[in-house]
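Visitor: following is a predicted model, sequence given first.
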Amino acid sequence: MTRLQANLLLTAVALIWGSAFIAQRQGMADVGPLLFTGVRFLIGSLVVMPLAMLEWRRLGREGKPLTRLDGWHIAGLGGLMTLGAVMQQIGIQFTSVTNAGFLTAIYVPLVPVLAWLLLRQVAHGSVWPAAVGCLAGAFLLSGAHELNVGAGDLWVAGSAVPWALHVLMVGRWADRMGAPFLVASGQFAVCGVLSLIAAFVNEPVHASGLVAALWPIVYTGVLSVGVAFTAQVVAQRYAHAADAAIILSSETLFAAGFGYLLLGERLNTAGLLGCGLMLGCILFVQLAPLVARLRQPLSPQI
């Protein structure tokens, strides 16, 4: 897979996540955030499991079985996913959609910062202005020009840290193992089990609530988790983590588009400027390295 193909796949992931935001809000009307997260991630794990089993057999035939350390890495990714998903889902209950949309985008500038602090990876110079621009664009798009920080806002903002760590590490570990489907299905299973355990301890669990929220759970479980998160794992084997974070932030753009189509929401001038700024930053981070390479002098032919 080329870098361009990986980036296009990440754009498709952002589109699916943007469409799933409405379903997440609808599902929360009938079940708690922990139960909703647990069931949808277990569904996602089951969707990917056939491909994961084929991958497990292939690795066995090639004499490259996963090690215990690989298992811990998958469990770590599942733990990060659990923290991010649950904290975000809890926060959505107590804050506005506009605030949540802006605060979630905090993970975009966090990824290159954490890459430098933890892995000593220096991102291309285009990443830094693009990351800040995406954050500013999300702020304009959200309409949260007077952000009043409450408990829900703190939950959503806090979720940006595990999400940033997950974006940073998922491609690195999946590529090292050579097993993107095993990584995807495994981390979904860990997230689903941990969330369900917490749900039975902290939330009322009723079959009637699950039945009422069935379609939002199935939609987000199959598409948002099973398809989109798995595609993220595959694509990030070939994409830089900082670039991936910026492209995935276009989820906010797609969420606004689906809000327009399905809920009749309209963007004001600031929102349109935010869309344009985010789109420009996404294009900039992709084109700047290419332009830099094209401007390099060619080596003389002997």
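Guide: Noted; the coordinates are in hand.
Visitor: C-alpha only now, for contacts and for neighbours.
Guide: Noted.
Visitor: pLDDT below threshold where in the stretch 201-302 of the chain?
Guide: Along the stretch 201-302 of the chain, segments meeting pLDDT under 70 span 263-267, 285-302.
Visitor: ok, now the stretch 1-150 of the chain?
Guide: Short version for the stretch 1-150 of the chain, where the test is pLDDT under 70: 95-103, 122-124, 126, 141-150.
Visitor: strands of that one, start to end?
Guide: Assigned by DSSP state E, counting those that start in this stretch, the stretch 1-150 of the chain shows no strands.
Visitor: now do the helix ranked longest in the chain: which elements does it pack against?
Guide: The longest helix of the chain (DSSP state H) is helix 33-61. Counting contacts by 3 or more CA pairs under 8 Å, 6 or more residues apart in numbering; DSSP states H and E, helix 33-61 packs against helix 68-94, helix 180-202, helix 214-219.
Visitor: list of residues touching the shortest one?
Guide: Yep, that's helix 214-219 we're talking about. Under the criterion CA atoms under 8 Å, 6 or more residues apart in numbering, residues 20, 23, 24, 26, 27, 36, 39, 40, 43 lie in contact with helix 214-219.
Visitor: per-residue pLDDT, the residue nearest to residue 94 when sequence neighbours are not counted?
Guide: Leaving aside its sequence neighbours, residue 94 sits nearest to residue 152 (CA to CA, 6 or more residues apart in numbering; 4.5 Å). On pLDDT, residue 152 comes in at 73.
Visitor: next one: residue 152 from residue 66, what distance?
Guide: 39 Å (CA to CA, to the nearest Å).
Visitor: give me the more crowded residue out of the two.
Guide: Shown here are residue 152 and residue 66; by other CA atoms under 10 Å, residue 152 has more neighbours (21 against 15).
Visitor: show me what contacts the more buried one?
Guide: 90, 91, 92, 93, 94, 95.
Visitor: between the residues you listed, which sits nearest residue 121?
Guide: The nearest member of those to residue 121, counting by CA to CA, is residue 91 at 31.4 Å.
Visitor: show me what contacts that closest one?
Guide: Residue 91 neighbours (CA under 8 Å, 6+ apart): 100, 151, 152, 153, 154, 155, 156.
Visitor: got it, and residue 38?
Guide: 191, 192, 193, 194, 195, 196, 199.
Visitor: roughly how far apart are the closest residue in space to it that isn't next to it in sequence and residue 114?
Guide: Distances taken as CA to CA, 6+ apart put residue 192 closest to residue 38, at 3.9 Å, once the chain neighbours are dropped. Between residue 192 and residue 114 the computed distance is 26 Å (CA to CA).
Visitor: check residue 57 too.
Guide: Using CA to CA, one gets 35 Å for the distance from residue 57 to residue 114.
Visitor: for the helices and strands packed on helix 33-61, which one sits closest to residue 138?
Guide: Closest approach to residue 138 among the helices and strands packed on helix 33-61 is made by helix 68-94 (16.4 Å; CA to CA).
Visitor: in TSV: the helices and strands packed on helix 33-61, plus distance to residue 166.
Guide: Shown next, in TSV, are the helices and strands packed on helix 33-61 (distance: least, CA to CA, whole Å):
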stretch	distance to residue 166
helix 68-94	6
helix 180-202	11
helix 214-219	22
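Visitor: and these, which is most packed in?
Guide: Greatest average neighbour count among these goes to helix 180-202 (a mean of 22), per mean count of other CA atoms under 10 Å.
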